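K.L.:
Here you go, sequence then predicted model.
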Amino acid sequence: AAAALPVLRSLRASAADASPGLVFAKTPSGLQWADAKVGTGKPLQPGAPCTIDYVMSTSGARYGSKIYSTKEVDTPYRWVLGDGKTIKGLEQAIVGGDGMPPMLPGGVRRVIIPSALGYEALAKPIPGMQFQDCQDGRGPGPIPPELTGAGEGAYQRFKNIYCNANRPYQPDIVLDIKLYGKREA
């Protein structure tokens with residue numbers, strides 16, 4: 001499962017270094033990936049509904065790297081491929097391209113997404129606003145929801161790291177993804 005991949009524990013460790021046994025490849029755009037489990041079936045195409053579970057971590061956090069897990073709150077992330085509502089790096093992780101093969105249903109993949117394919121636009125200052133508007137539904141997803149209980153604090157961690165115009169850089173996003181869909185035996 002996506003949650004079974006090791007979570008980064010150190011600011012100095014890269015996601016690839018913290019993933020023993022996984023062999024990472026890199027696209028020309030800087031997206032890195034490694035398959036923990038290759039699924040079966042046909043790859044999803046743009047326009048198809050997509051459902052995943054993910055664990056979101058960051059490569060640059062002061063107090064631990066894990067931000068959010070859909071599995072912990074039993075709420076998978078859903079969208080339509082190519083609808084513009086999801087970050088480019090996650091779309092590419094699912095449909096492939098730029099030298100990366102597509103994910104197949106039932107597969108588990110770790111991706112390390114550079115800011116240009118992630119949330120870079122969310123950190124750009126909005127004239128007249130002190131804080132960025134990066135709530136779920138107002139920017140490319142996935143954005144952790146504001147929750148109490150199991151997911152409490154995830155949105156605030158996400159906002160402080162990826163929606164902060166005062167931060168001098170955006171660290172890479174690390175997503176452990178499990179793709180749901182029709183699998184073949």
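P.N.:
That came through, no problem.

K.L.:
contact partners of the host helix or strand of N160?
P.N.:
According to DSSP states H and E, N160 maps onto helix 154-162. Helix 154-162 is contacted from outside by 56, 58, 60-61, 67-68, 118-119, 122-123, 132, 134, 143-147, 167, 170-171, 173, using Cβ atoms under 8 Å, 6 or more residues apart in numbering. Quick note: C-beta positions are derived from backbone N, CA and C, even for glycine.

K.L.:
Quick check: what element follows the lengthiest strand in the chain along the chain?
P.N.:
In the chain, taking DSSP state E as the definition, the longest strand is strand 49-58. Once the chain leaves strand 49-58, the next helix or strand it forms, by DSSP H and E, is strand 66-69.

K.L.:
Measure how far that next one is from the centre of its chain, please.
P.N.:
Strand 66-69 has its C-alpha centroid displaced from the chain centroid by 10 Å (Cα atoms, centre = their mean, to the nearest Å).

K.L.:
That strand: partners in the sheet, and parallel or antiparallel?
P.N.:
strand 49-58 (antiparallel) (DSSP bridges).

K.L.:
could you check the angle helix 154-162 makes with the strand it pairs with?
P.N.:
70 degrees (axes from the mean of the first three to the mean of the last three Cα atoms, to 10 degrees).
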